[in-house]
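Enquirer: Give me a 3D structure for the following:
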Amino acid sequence: MLFLLLPLAATAQISLSSAIDLAEKNSTSVRGAVANVQKATAVLAETRDAYIPTFLVGSSVGYAYGFPLGYPSFFTASSQSLVLSWSQKDYTRAARAGVNSANLNLKDVQQQVALDVAQDYVELDYDLKEIAALEQEIGYAESLVEIEQDRVQAGVDPRMDQLQAELTAAQVDEKRIHLENDANAMRQKLAHLTGLPATGLTTVSASIPPAPAADSLAQSGENTAFSNPGVSAAYANAKAKLYSAFGDARQNYRPLVSFGAQYALFEKTADYSEYFQKFQYNNVEFGAQITFPLFDATRRAKGHESAADAVHAQADADAALDILNEQTSTMRDTTRELAAQQRVAQVRSQIAQDQLKTIETELTNGTGTPNAPIPPTEAQKARIEERERYADVLDGDFSLLKVELNLLRATGQLDAWVRSSLK
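Expert: I've put the predicted structure just below:
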């Protein structure tokens, strides 16, 4: 997936899939989400590593006068680890759910970046298509103005017809300028997302997959909302909070067993042998420590706090699902409405094309009615009308595709749509 640089035309052409790939690598939000995954993975490793013995070495060399107040050691080594904890397994489950939530959130961020790129890319592509159509329309409008000027000077048409032709040409030029400005804005957005230069950035129309069927999207069930990684991440986070609450609740009334071992080589300079009947330089101890917390108000309060966090996270996840279901339902209805509008625009475009063909045929072969010639202005007006209706079709296609992309994003199907462009 490489973008093609065309130095002779001073343009940079890039496909949709390449733009999305560059944006995901260049996105600060994606980099932040990746860091969150790495952090969650480290937290999971931390909960597992609690059972792995630690090993520490050190020294506390010193001098003692009189009876030794401490135990200065030339060298010490110690090791300790967790053996049994009713809470630790819940903390591990919570960390594992946290990793799942972080991965889902990363996928959600990537899909949002993909949606932003896809919408800007598609809008730029439609802008370029409409600008090309308007260039033709401007030519027809300028020809209409010239014809009307000649007819007004010859006394055939009133001055009002010339002014109307000039107004049509001015309106077409105004729309062209608006679309050029919008295309430049889309280039700037794509440049910021992908890291490419904005100047001369163009699209590859063939890289845009066909729009999904509006009827199939409108009829998709609400259970597809669970395919949304953002909602799934919220539920995974709620699950992690719940496991943490379980772990905190089990801190009281359950034994905690840990293992410990220590070796110390005492110093000879402290004259321990003068004060202890049986003194030895090498000392070792090891064993298990068992703690049975009967009551700890702080831990009990911590358990209540964690339980409240779990309830809050579950409520947030349910709210996210409700909002998504409402949004997808609205978008499904919108796709049906826009599809109907799209069909109206297509029929009007076909009518305008047929009318243009009829007028061009009559100009070439005559109307067949004596003393009823077709004015030359009618052909230019028909050509302008045909280009206007074609632009309406492009506008309708873009409006529908924009809503469909949001619906694909909401139902977790955007990745599949983008990948279909590579087939």
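
Enquirer: Can you pull out the low-pLDDT segments for the chain?
Expert: For the chain, applying pLDDT under 70 flags the ranges 1-11, 61-72, 213-226, 268-273, 275-277, 366-373, 423.

Enquirer: what's stretch 195-210 in contact with?
Expert: By C-beta atoms under 8 Å, 6 or more residues apart in numbering, the list of residues contacting stretch 195-210 from outside reads 3, 9-18, 22, 26, 121-122, 124-125, 128-129, 184, 187-188, 190-191, 417-418, 420-421. C-betas here are computed from N, CA, C, even on glycine.

Enquirer: Weed out the non-buried ones from these.
Expert: By neighbour count, with 16 or more other C-beta atoms under 10 Å, the contacts of stretch 195-210 hold 3, 12-18, 22, 121-122, 124-125, 128-129, 187, 190-191, 417-418, 421 as buried.

Enquirer: Which of those residues fall within strands?
Expert: 12, 13, 14 (DSSP state E).

Enquirer: what's the spacing between the last one and residue 28?
Expert: By that I understand residue 14. Distance of residue 14 to residue 28, computed by C-beta to C-beta, to the nearest Å: 20 Å.

Enquirer: which parts of stretch 159-172 are buried?
Expert: Neighbour-count burial for stretch 159-172 [16+ other C-beta under 10 Å]: 161, 162, 164, 165, 166, 168, 169, 172.

Enquirer: Could you dump these into CSV and include secondary structure and distance to residue 248?
Expert: CSV is the format used below for the buried residues of stretch 159-172 (DSSP: H, G, I helix; E, B strand; the rest coil; distance: C-beta to C-beta, whole Å):
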residue, secondary structure, distance to residue 248
161, helix, 84
162, helix, 84
164, helix, 78
165, helix, 79
166, helix, 78
168, helix, 74
169, helix, 74
172, helix, 69
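
Enquirer: can the residues you listed go into JSON lines with extra columns for distance to residue 289?
Expert: Formatted as JSON lines, the buried residues of stretch 159-172 follow (distance: C-beta to C-beta, whole Å):
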{"residue": "161", "distance to residue 289": "102"}
{"residue": "162", "distance to residue 289": "101"}
{"residue": "164", "distance to residue 289": "96"}
{"residue": "165", "distance to residue 289": "97"}
{"residue": "166", "distance to residue 289": "95"}
{"residue": "168", "distance to residue 289": "91"}
{"residue": "169", "distance to residue 289": "91"}
{"residue": "172", "distance to residue 289": "86"}
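
Enquirer: which among those residues gets closest to residue 211?
Expert: residue 172 (27.5 Å; C-beta to C-beta).

Enquirer: mind listing the helices in the stretch 101-250 of the chain by residue range?
Expert: Taking DSSP state H, counting those that start in this stretch, the helices of the stretch 101-250 of the chain run over residues 159-194, 214-218, 229-249.

Enquirer: so which of those helices comes closest to residue 399?
Expert: Nearest to residue 399 among these is helix 214-218 (11.6 Å), distances taken as C-beta to C-beta.

Enquirer: Could you break the chain into its assigned domains?
Expert: By the assignment in automatic domain parsing, the chain contains the domains 4-52+87-253+314-418, 53-85+255-292.

Enquirer: next one: the longest one to chain centre, how far?
Expert: I take that to be domain 4-52+87-253+314-418. With C-alpha atoms, centre = their mean, to the nearest Å as the basis, domain 4-52+87-253+314-418 stands 14 Å off its chain's centre.
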